[in-house]
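Chemist: Provided below for reference: sequence and predicted model.
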Amino acid sequence: MILVTGGTGLVGSHLLLNLLKARKKVRALHRKNSDLAAVEHVLNYYTSTEEAKSLFQQIEWFEADITNVPQLNKAFENIKYVYHCAALVSFDPADDKKLRKVNIEGTANIVNLCVAFKIEKLCYVSSVAALGRSLNNKEINERAMWNPEEDHSDYAISKYGAEIETWRGSQEGVPTVIVKPGIIIGPGFWKEGTGQIFSKIDKGLNYHFPKIAGFVGVKDVVNVMQQLMEAEIKNEAYILVSKNISFKSVFEQTAIELNRTAPKKALKKWMLWVGWFFQKVGGFFCAKRQITKNTVKTLFQHSKYSTKKIKESLGFEFTPIKNVIAETAKFYKQDKS
């Protein structure tokens, strides 16, 4: 049986779809107040209503928090493979302790139980945020070394700490693969993450900003995860990015698909300091929003990533980000109607 943490999120729900369609037996963790109906809704994007209901009923839901070891102990019974997708995403400095507890301590708990239960393979969903930075605007690859002296967000620090715990597990006998997605685009969660790109542009967004970042479709992320788990590959990490592209371009493509006017005005740094931009589009990155020096620096800092390693290892070809945006916009309009 397969255990999936974070099964009610964007990545987790799409991963469940893949596993269920492959006729895998799946146990998915959820917290007490999780919206399980949102998962069935995601399944229904890609299948009929009847099939979505049937697939959803095949999931063995298990209520547990990854910071609660006694609960997790029971969740690990009869498990062979683990996909660890659960994480807290926040850029609010007030959430520093919570980020460390959920992302680092929670991952340590998952890893410890993988060791104790002799799990056959673990896949951890990290982030490009846990990578070091490049010099001279070169593409960042998996060998980019983390520099603790640089100014990192609390979220990035927590994801890096979680990776350290995951690598520890690999040294203690758990075959491991780590994926480091860029900014993930996909349907179903329009009030959080990149889902807000679609909802805010639909309502009218005036400003764009020049930052270049790595974007990737959620279906590509889960397809790679599944392929890595089924391959002989172990103890490796992979960057997952379809294209290095500016937010301005992403906004423009989204506006085209939604038949809306694209943002025309360029964001200026001073706007962040007075809080205007924070209220308008800060939520693209997290549920909770707080302007910090790191926020200002990051939003105007280009980050380009290399996907040579995953392409060579699996022969994987990413879906063009233009197609990802088009499909996501289709589902957004479907939900809105």
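Modeler: Cool, got the structure.

Chemist: Extract the C-alpha trace of whichever strand or helix holds Val4 and format it as PDB.
Modeler: Under the criterion of DSSP states H and E, Val4 resides in strand 2-5. Presented in PDB, the C-alpha positions along strand 2-5 are these (Å, rounded to 0.1, in the frame of the first residue of the first chain):
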ATOM      1  CA  ILE A   2       1.100   3.600  -0.700                       C
ATOM      2  CA  LEU A   3       0.900   6.400   1.800                       C
ATOM      3  CA  VAL A   4       0.400  10.000   0.600                       C
ATOM      4  CA  THR A   5       0.800  13.000   2.900                       C
END
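
Chemist: in its sheet, what does that strand sit against?
Modeler: Here strand 2-5 has these sheet partners by DSSP bridges: strand 26-30 (parallel), strand 81-84 (parallel).

Chemist: May I see these arranged in CSV, with distance to Trp167, mean neighbour count and mean pLDDT as well?
Modeler: For the C-beta atoms, the positions are set from N, CA and C on the backbone; glycine is no exception. As requested, the strands paired with strand 2-5 are exported to CSV (distance: least, C-beta to C-beta, whole Å; neighbours: other C-beta atoms under 10 Å; pLDDT from 0 to 100):
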stretch, distance to Trp167, mean neighbour count, mean pLDDT
strand 26-30, 22, 23, 97
strand 81-84, 13, 26, 98
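
Chemist: okay if I get those as a markdown table plus distance to Glu236?
Modeler: Formatted as a markdown table, the strands paired with strand 2-5 follow (distance: least, C-beta to C-beta, whole Å):
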| stretch | distance to Glu236 |
| --- | --- |
| strand 26-30 | 24 |
| strand 81-84 | 16 |
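
Chemist: And His30, how close does it get to Ala64?
Modeler: 8 Å (C-beta to C-beta, to the nearest Å).

Chemist: To clarify, my last question referred to Glu172.
Modeler: 22 Å.

Chemist: between the two, which one's more packed in?
Modeler: Looking at Glu172 and Ala64 with other C-beta atoms under 10 Å, you find the greater number of neighbours at Ala64, namely 23 against 12.

Chemist: Number of residues surrounding the residue nearest to that one when sequence neighbours are not counted?
Modeler: Distances taken as C-beta to C-beta, 6 or more residues apart in numbering place Gln71 nearest to Ala64, at 3.8 Å, with adjacent residues excluded. Gln71 sits with 15 neighbouring residues when counted by other C-beta under 10 Å.

Chemist: what's the answer for Leu99, then?
Modeler: Leu99 has 25 neighbours, counted by other C-beta under 10 Å.

Chemist: Show me what the helix or strand harbouring Cys114 is packed up against.
Modeler: Applying DSSP H and E as the criterion places Cys114 in helix 106-116. Applying 3 or more C-beta pairs under 8 Å, 6 or more residues apart in numbering; DSSP states H and E, we find helix 106-116 packed against helix 69-75, strand 81-84, strand 121-125, helix 154-171.

Chemist: what's in contact with that helix?
Modeler: Helix 106-116 is contacted by residues 5, 65-67, 69, 72-73, 76, 82, 84, 86, 119, 122, 124, 161-162, 165-166, 168-169, 172-174 when judged by C-beta atoms under 8 Å, 6 or more residues apart in numbering.

Chemist: For stretch 59-68, measure first residue to last.
Modeler: With C-alpha to C-alpha, to the nearest Å applied, stretch 59-68 spans 21 Å between its terminal residues.

Chemist: the bottom helix or strand of this protein by mean pLDDT?
Modeler: When the helices and strands of the chain are compared on mean pLDDT, DSSP states H and E, helix 276-281 comes out lowest with a mean of 49.

Chemist: still on that earlier bit, please report how far the residue nearest to Ala64 lies from Ala28.
Modeler: Taking C-beta to C-beta, one finds Gln71 at 14 Å from Ala28.

Chemist: repeat for Ala213
Modeler: 29 Å.

Chemist: repeat for Lys53
Modeler: 16 Å.

Chemist: can you list the weak-confidence ranges in the chain?
Modeler: 269-297, 300 (pLDDT under 70).

Chemist: For the stretch 151-300 of the chain, just list every one of the helices.
Modeler: Assignment of helices within the stretch 151-300 of the chain using DSSP state H, counting those that start in this stretch yields the ranges 154-171, 195-203, 218-230, 247-258, 269-274, 276-281, 293-299.

Chemist: On the C-terminal side of the last one, identify the next helix or strand.
Modeler: Using DSSP H and E, the next helix or strand after helix 293-299 towards the C-terminus is helix 308-314.
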